[in-house]
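> pasted the sequence and its predicted model underneath.
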Amino acid sequence: MKLSTRFFLRQDTLLIARSLLGKLLVVPDGEGNRVSGMIVETEAYLGPNDRAAHSFGGRRTTRNEVMYGIGGRAYVFFVYGMYYQFNVVTGPVDRPHAVLIRAIEPVENLELMTARRGGLKQQALTSGPGKLCIALGIDRSMNGEDLRGERVWLEQYKTFRESHVSTGKRVGIDYAQDYIDKPWRFWVTSNKFVSKSR
DNA sequence: CAAGTGATTAGC
DNA sequence: CTAATCACTTGC
């Protein structure tokens, strides 16, 4: 069953980032087959007050516009000339927070994911934000997509106790000054699909 | 470890 | 208009 809109409207984006661990991210292919993976790593981006966020200081551009919309939609952006990143927008209108999905563990339709990733070994399939978008077929056409729709959504799958969850600093935000060390990254402890820190 | 890649942004 | 940047990945 798809996650309710209420889930994405909780006040605390950090709590949402934490509770997304164990949820299933589902992106059907064009032919009615489910392709999915369990979320094992996330990062919270806390809007205007977070120097690492695209919406820092109230920055509002064509790219990050959906961050300013209602929670429960996809924020997909393109970076480094090659990769897409999939985020979930949280909170009410005009509170531009989002949670980046950094890694998933493949669950349904491994064959298709492997083919899309060029036949790499299993562990490399979805262990990073750009990799999982390739494996799931996520691109810019899903930016702004409602997560209650038919193109991409989240489902309850597993629950992890606090003792199985780790937190630490976010990856690839060296420009974020005093926000570099905020422990706003969450992952399933010792899960082998969690991305490598750089 | 460094190149690759091009959309996006800020600054003029 | 132009130049710099970038919430990354891969292959050397």
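Yes, it's here.

> can you pull up the bridge partners for the residue positioned nearest the centre of chain A?
Geometric centre of chain A, nearest residue: A:I101, 1.9 Å, by CA atoms, centre = their mean. Note on A:I101: beta-bridge partners by DSSP bridges are A:T42.

> ok, now which ones touch A:R18?
Going by CB atoms under 8 Å, 6 or more residues apart in numbering, A:R18 touches A:42, A:165, A:186. The C-beta positions use only the backbone N, C-alpha and C, and glycine is treated the same way.

> where does chain A get nearest to DNA strand C, which residue?
When scored by CB to the nearest atom of the strand, chain A has A:G172 as its residue closest to DNA strand C, at 1.9 Å.

> my guess is the residue nearest to the centre of chain A contacts A:K23, does it?
No: using CB atoms under 8 Å, A:I101 makes no contact with A:K23, being 9.3 Å away.

> now for those two: what residues contact both?
Common neighbours of A:I101 and A:K23 (CB under 8 Å, 6+ apart) are A:I39.

> residues contacting A:R63?
A:54, A:77.

> of the contacts of A:R18, which is the most crowded?
Top of those by neighbour number is A:T42, holding 26 neighbours under the definition other CB atoms under 10 Å.

> tell me which helix or strand the most far-flung residue of chain A relative to its centre sits in.
The C-alpha centroid of chain A is most remote from A:E31, which lies 24.0 Å away (CA atoms, centre = their mean). Using DSSP states H and E, A:E31 sits within no helix or strand.

> from A:N109, how far off is it?
A:E31 sits 11 Å away from A:N109, going by CB to CB, to the nearest Å.

> joint contacts of those two?
By CB under 8 Å, 6+ apart, no residue touches both A:E31 and A:N109.

> sorry, back to before: and the pLDDT for the residue farthest from the centre of chain A?
For A:E31, the pLDDT comes out at 93.

> that one and A:Y84, how far apart?
The separation that A:E31 has from A:Y84, given CB to CB, amounts to 21 Å.

> also A:A115?
Counting by CB to CB - A:A115 and A:Y84 are separated by 18 Å.

> between these two, point out the one with more neighbours.
Using other CB under 10 Å as the criterion, A:A115 and A:Y84 rank with A:Y84 on top: 20 against 11.

> surely the more buried one touches A:R140?
Yes: assessed by CB under 8 Å, A:Y84 is found in contact with A:R140 at 6.7 Å.

> shared neighbours, those two?
A:76-78.

> of those residues, which is the most crowded?
A:V76 (20 neighbours).

> then that residue would be within a strand, right?
Yes: the assignment for A:V76 by DSSP: H, G, I helix; E, B strand; the rest coil puts it in a strand.
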